[in-house]
Each structure stands twice: as structure tokens, then as C-alpha cells.
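**Student:** Only the shape, not the letters, is given here:
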């Protein structure tokens, strides 16, 4: 895929993510209408937003083509009711530009305000030829994904251990505001 094609391939996914982010910047009456149409969490104020990046990736059954530097950059919005949505840009296991658009929820873990479990589900884009079959249900170039994780947050710093299906795991770090 040419550089231009990769840009527009990712741009379409970014446009969708931006469209989903806009309602949080609109006046509440307009945002409520848009959010109810999109079936995103409503009736809850934003608790925090965060930016995060990958720190370490480990493939359980490494292949020679695998890349362990995902260059992940993500953005997430969490509401007072602990529902969340976000998007991430990254290089997949084979070095292809990829995106993940998701919704999910955080749950307190171990009776602590700092530890949490997180479960997200969404759409994964970017596993192209010759690796399109490395992700299940990727027939249209976009596959469903469910990603669980466990995290720790101290003040504005957060870190997560994220399970990437049966193929690997990633440690992320981020800042909340």
C-alpha cells in the first residue's frame, strides 16, 4: 500500500473517531441529542480524559515478521458512571498503520480507588494483505475486537496491562486530565 493510500485509509477511521468526539464539545442539549442517537453514555459528566502510549509489547508466539514497537497513541474519555470511549492509532504486529475505535467500562479492582479492571470492545482497522487473516472476522478490513486490561492510576499518571487476544500483551502508560 502506498503512503498516500495508507494516509487516506487511516484518515477515514480518524474522521469517524473525530465525529464521535465532537458531541463532548457541543452545548449539552445538542450533545444529548447526538449522544442518544449514537447510543453513547448519556446523563453523566466527563470524569477524565487521558492520552496514553505503548511502553512494551510481548508476543506469546513470536513470528519473524512481528514488530514489538507499536508506536501507540490513544485518547480516551471516561464518564462519572465509569463508561468510556476512545480511539488509538498504532502499528500492528506486522508494522501496518492501524486504528482501534472502542467503548467500554472501568471497574474498581481489589477494593481500591487506584486499581481498576477495564473492558473495551470496538472496531479494529488496518490488518491488510498479506496479514488480513491474522485477525478473526476481518473480511471487510474492519474486525470486531474485545480487549481486557488491568490498570493502576495515581493522581494523573496511569499504567495498564492489556491482553491482546491470545497473541500477546502490552503495557501502556498515560496521563489523565
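**Tutor:** Everything's here; your move. The structure presented is a predicted model; accordingly, all values stated were derived computationally and were not measured. Residues are numbered from 1 along each chain as shown.
**Student:** Which helix or strand contains residue 172?
**Tutor:** Assigned by DSSP states H and E, residue 172 belongs to strand 168-176.
**Student:** got the buried residues for that strand?
**Tutor:** With burial defined by 16 or more other CB atoms under 10 Å, the residues of strand 168-176 counted as buried are 168, 170, 172, 174, 176. C-beta coordinates here come from the backbone N, C-alpha and C atoms, glycine included.
**Student:** Now tell me what touches that strand from outside.
**Tutor:** With CB atoms under 8 Å, 6 or more residues apart in numbering as the test, strand 168-176 has contacts from 48-60, 70, 72, 74, 93, 153, 156-164.
**Student:** So which of those are in strands?
**Tutor:** Within these, residues falling in strands by DSSP state E are 48-59, 74, 153, 157-164.
**Student:** what's the burial count for residue 53?
**Tutor:** When neighbours are counted by other CB atoms under 10 Å, residue 53 registers 15.
**Student:** so what's it up against?
**Tutor:** Taking CB under 8 Å, 6+ apart, we find residue 53 in contact with 72, 73, 74, 172, 173, 174.
**Student:** can you give me the strands in the chain?
**Tutor:** Under DSSP E, the chain gives strands at 46-59, 73-79, 83-91, 97-108, 115-125, 142-154, 157-164, 168-176.
**Student:** List the strands paired with the strand holding residue 172, with their directions.
**Tutor:** strand 46-59 (antiparallel), strand 157-164 (antiparallel) (DSSP bridges).
**Student:** That one vs strand 83-91, what angle?
**Tutor:** Angle between the axes of strand 168-176 and strand 83-91 is 120 degrees (criterion: axes from the mean of the first three to the mean of the last three CA atoms, to 10 degrees).
**Student:** Please shift the residue numbers so they start at 627 in all later answers.
**Tutor:** Taking 627 as the first residue, the last one we looked at is strand 794-802.
**Student:** got the angle between strand 794-802 and strand 699-705?
**Tutor:** Going by the same axes, to 10 degrees, strand 794-802 is angled at 60 degrees with respect to strand 699-705.
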